[in-house]
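Colleague: Here is a sequence with its predicted model. Questions after.
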Amino acid sequence: MPELPEVETTLRGVSPSMAGRTVTDIVVRNAALRWPVPGEVRRAVGRAVGDCRRRAKYLLFGIGGADGGLLVHLGMSGSLRVCPADAPPRKHDHVDIVLDDGNCIRFHDPRRFGVFDWYEDPADAHPLLNHLGPEPLSTAFTGTYLKTVSAGRRGAVKNFIMDGKVVVGVGNIYASEALFMAGIHPNRPAGRVSAERYDALCQAIRDVLARAIRRGGTTLRDFLDPGNNPGYFAQELLAYEREGLPCFRCETPIRRKVIGQRSSYYCPSCQR
DNA sequence: AGTGCGGCCTGTCCGC
DNA sequence: TGCGGACAGGCCGCAC
């Protein structure tokens, strides 16, 4: 389940194979992703890949001279890998970006919650991107910002930090982790978290995401990077999927509770 | 405006 | 052993 660290890991994995290469074909085997893959993606054919970057959990592959590029979201079960273009596709290998060196970037997504689309410059004007909040690892993301935006909000702080309009890239795993690190109960109303504790939460979010990126992401079940390597952050998780196990801080059993339709893990003693 | 929830998907796991 | 159902979850879009 790719969250920001897994998407960043994917970007770092595919970028060296893509940048500067010319796209010779886009092969769409199954266009029925979250939204139909549009024919416009073929605008990349015959052009070179330029700037490769990430915005939130979206991968943006700029295409030289096309005033736009390819937008990819891995959804819940998507992955990209680099492989020979003539390698036989596996089940759920829906799209290939074929490159002029004989390799391709292959998009695989069993659950098809992913997105493969074309964007026009500037990418941030794309309907999927134009409402997004700040990047958690940018200087715009601060405790003061969280405190300001949360004013009057009565929903759970966990849902608040998972809201892409507030801050992007904080998914279910890292939300639980950051709230544990900051000692904040996931169910606490967002508007009732103090400025000091939002400073701590901001720091925890930055810290957990940065460490997870360094470990190549979190492999819980099936995440593999483009070179087929798992991420090594799972062994550093403090709360997520530790229901019933002792809290590392106070040994109280970690509890699981569904908040906003998602499993949340927290220490009922340390997190208030 | 903020909040909550349905829906999209398939692989995996659990209980009968 | 087989089978149905719950569950996993990012994020849009809708209803209140």
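Modeller: Yep, that arrived.

Colleague: now the helices for the stretch 101-250 of chain A?
Modeller: Secondary structure of the stretch 101-250 of chain A (DSSP state H, counting those that start in this stretch): helices at A:143-149, A:157-161, A:172-182, A:195-214.

Colleague: who wins for proximity to DNA strand B among those?
Modeller: For DNA strand B, the closest of the helices of the stretch 101-250 of chain A is helix A:157-161, at 5.4 Å, according to C-beta to the nearest atom of the strand. To be clear about C-beta, it is placed using only N, CA and C from the backbone, and glycine gets the same treatment.

Colleague: now check stretch A:69-85, is it near DNA strand C?
Modeller: Yes: on the criterion C-beta under 7 Å from any atom of the strand, stretch A:69-85 is in touch with DNA strand C at A:His73, A:Gly75, A:Met76, A:Ser77.

Colleague: give the contact list for A:Leu74.
Modeller: For A:Leu74, the contacting residues are A:Pro2, A:Glu6, A:Val7, A:Thr10, A:Lys57, A:Leu59, A:Leu80, A:Asp109, A:Gly114, by C-beta atoms under 8 Å, 6 or more residues apart in numbering.

Colleague: Hmm, A:Ser263 is touching A:Arg242, no?
Modeller: No: when contacts are counted by C-beta atoms under 8 Å, A:Ser263 is not listed as touching A:Arg242 (11.3 Å).

Colleague: Those two: which is more packed in?
Modeller: Neighbour totals were compared for A:Ser263 and A:Arg242, and A:Arg242 leads with 20 against 14 (other C-beta atoms under 10 Å).

Colleague: Distance-wise, check that one relative to DNA strand B.
Modeller: Distance check for A:Arg242 against DNA strand B: by C-beta to the nearest atom of the strand, to the nearest Å, it reads 16 Å.

Colleague: Now do the same contact list for that residue.
Modeller: A:Ile254, A:Tyr265.

Colleague: ok, now the one 10 residues further on?
Modeller: Taking C-beta under 8 Å, 6+ apart, we find A:Thr252 in contact with A:Pro246, A:Cys267, A:Pro268, A:Ser269, A:Cys270.

Colleague: in the stretch 1-150 of chain A, what residue is nearest DNA strand B?
Modeller: For the stretch 1-150 of chain A, C-beta to the nearest atom of the strand, closest residue to DNA strand B: A:Arg111, 3.6 Å.

Colleague: now that residue: how far from DNA strand C?
Modeller: 4 Å.

Colleague: residues near that residue, how many?
Modeller: Residues near A:Arg111, counting by other C-beta under 10 Å: 13.

Colleague: mind checking pLDDT for the residue lying closest to it once chain neighbours are set aside?
Modeller: Nearest-residue entry for A:Arg111: A:Ser77, 4.1 Å, with adjacent residues in sequence omitted and distances by C-beta to C-beta, 6 or more residues apart in numbering. A:Ser77 carries a pLDDT value of 88.

Colleague: Give me the below-cutoff pLDDT ranges for chain A.
Modeller: A:1, A:220-222 (pLDDT under 70).

Colleague: So which bits of it are right by DNA strand C?
Modeller: Checking chain A against DNA strand C by C-beta under 7 Å from any atom of the strand, the hits are A:1-3, A:34, A:56-58, A:73, A:75-77, A:111, A:113, A:127-128, A:162, A:164, A:171-173, A:258, A:261-263.

Colleague: In strands only, show me those residues.
Modeller: A:Tyr58, A:His73, A:Val258, A:Arg262, A:Ser263 (DSSP state E).

Colleague: can you tell me how far the last one sits from A:His185?
Modeller: Computed as C-beta to C-beta, to the nearest Å, the A:Ser263 to A:His185 distance reads 15 Å.

Colleague: With mean neighbour count and distance to A:Ile105 as new columns, can the helices of the stretch 101-250 of chain A be given to me in JSON lines?
Modeller: Formatted as JSON lines, the helices of the stretch 101-250 of chain A follow (neighbours: other C-beta atoms under 10 Å; distance: least, C-beta to C-beta, whole Å):
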{"stretch": "helix A:143-149", "mean neighbour count": "17", "distance to A:Ile105": "35"}
{"stretch": "helix A:157-161", "mean neighbour count": "25", "distance to A:Ile105": "31"}
{"stretch": "helix A:172-182", "mean neighbour count": "25", "distance to A:Ile105": "25"}
{"stretch": "helix A:195-214", "mean neighbour count": "19", "distance to A:Ile105": "20"}
